[in-house]
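**Student:** Next comes the sequence, and after it the predicted model I'd like to discuss.
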Amino acid sequence: MPQTLTVTGLMGLGCRHPTWTSAEPTVQADASAASASESPDQRRAAWMAAAQAGDRRAYEKVLADSVGLIRAAARRQGVALDRLDDVVQETLITVHRVRHTYDPTRSYDTWLSAIASRRAIDALRSRGRRDSRELHDEFAMETHAGPDDASAAAEQLQRAQRLHAAIARLPPGQREAVEQLGLREHSLSEAAELTGRNSGALKVNLHRALKALRGHFHGEP
């Protein structure tokens with residue numbers, strides 16, 4: 001896992017940053033000048049506009065206020081809880097690098113959510129292949145006999161027939177997960193795209209299916 005960056009730590013990145021100034025009363029985008037009628041999105045847009053003009057304090061505020069939005073966007077994409085901090089960090093770094101592209105006349109929340117969604121998808125793709133391979137290995141270990149246990153072709157065929165029959169009796173979601181991840185060996189992202197289910201649901205369904213198959217073949221609860 002990369003080293004965690006704090007909001008203040010972003011100030012030290014050499015990424016097209018302007019000469020930061022302290023927040024002066026004349027900077028109308030600072031919190032003290034924000035109208036009480038402003039929506040949170042409008043307030044964040046004003047802070048980012050001030051940040052683009054070099055207001056360090058406004059920049060710190062908009063980044064800190066962005067963390068919850070980033071986490072929500074990542075969760076909507078199916079990012080697991082233990083990966084949220086990574087997505088937050090990568091999104092904040094991206095915001096720091098491209099903040100000059102933000103148009104203050106448009107919604108800040110929409111702009112930020114688009115960046116966060118892309119970083120979330122990147123995180124899912126980078127982990128998808130590894131997670132998928134782990135699930136494939138588990139599937140193979142739980143449902144296939146070793147060479148000493150099934151050396152005869154007839155026994156292998158019988159096991160295969162029993163396995164497919166057991167899979168056919170699984171609930172639809174579990175059967176779908178086994179077929180996509182276990183039999184066809186699709187990655188999590190590929191299976192999610194094909195089935196319309198998020199990767200978290202597919203993993204849960206596969207683990208439940210494996211438990212059911214173990215119970216069927218080995219009498220385990």
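**Tutor:** Yep, that arrived. Numbers count the residues shown, from 1 in each chain.
**Student:** just checking, next helix/strand downstream of the strand or helix carrying A177?
**Tutor:** A177 belongs to helix 172-177 when assigned by DSSP states H and E. Following helix 172-177 in sequence order, the next helix or strand is helix 188-195 (DSSP H and E).
**Student:** before we move on, the earlier item: outside of the helix holding A177, which residues touch it?
**Tutor:** Contacts with helix 172-177, where a contact means CB atoms under 8 Å, 6 or more residues apart in numbering, come from 167-168, 191, 195, 197, 201-203, 205-206, 208-209, 212. The C-beta positions use only the backbone N, C-alpha and C, and glycine is treated the same way.
**Student:** filter those residues to the buried ones?
**Tutor:** Neighbour counting over those (16 or more other CB atoms under 10 Å) leaves 167, 191, 195, 197, 201-203, 205-206, 208-209, 212 as the buried ones.
**Student:** With secondary structure as new columns, can those residues be given to me in JSON lines?
**Tutor:** Compiled in JSON lines, the buried ones among the contacts of helix 172-177 are given as follows (DSSP: H, G, I helix; E, B strand; the rest coil):
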{"residue": "I167", "secondary structure": "helix"}
{"residue": "A191", "secondary structure": "helix"}
{"residue": "T195", "secondary structure": "helix"}
{"residue": "R197", "secondary structure": "coil"}
{"residue": "A201", "secondary structure": "helix"}
{"residue": "L202", "secondary structure": "helix"}
{"residue": "K203", "secondary structure": "helix"}
{"residue": "N205", "secondary structure": "helix"}
{"residue": "L206", "secondary structure": "helix"}
{"residue": "R208", "secondary structure": "helix"}
{"residue": "A209", "secondary structure": "helix"}
{"residue": "A212", "secondary structure": "helix"}
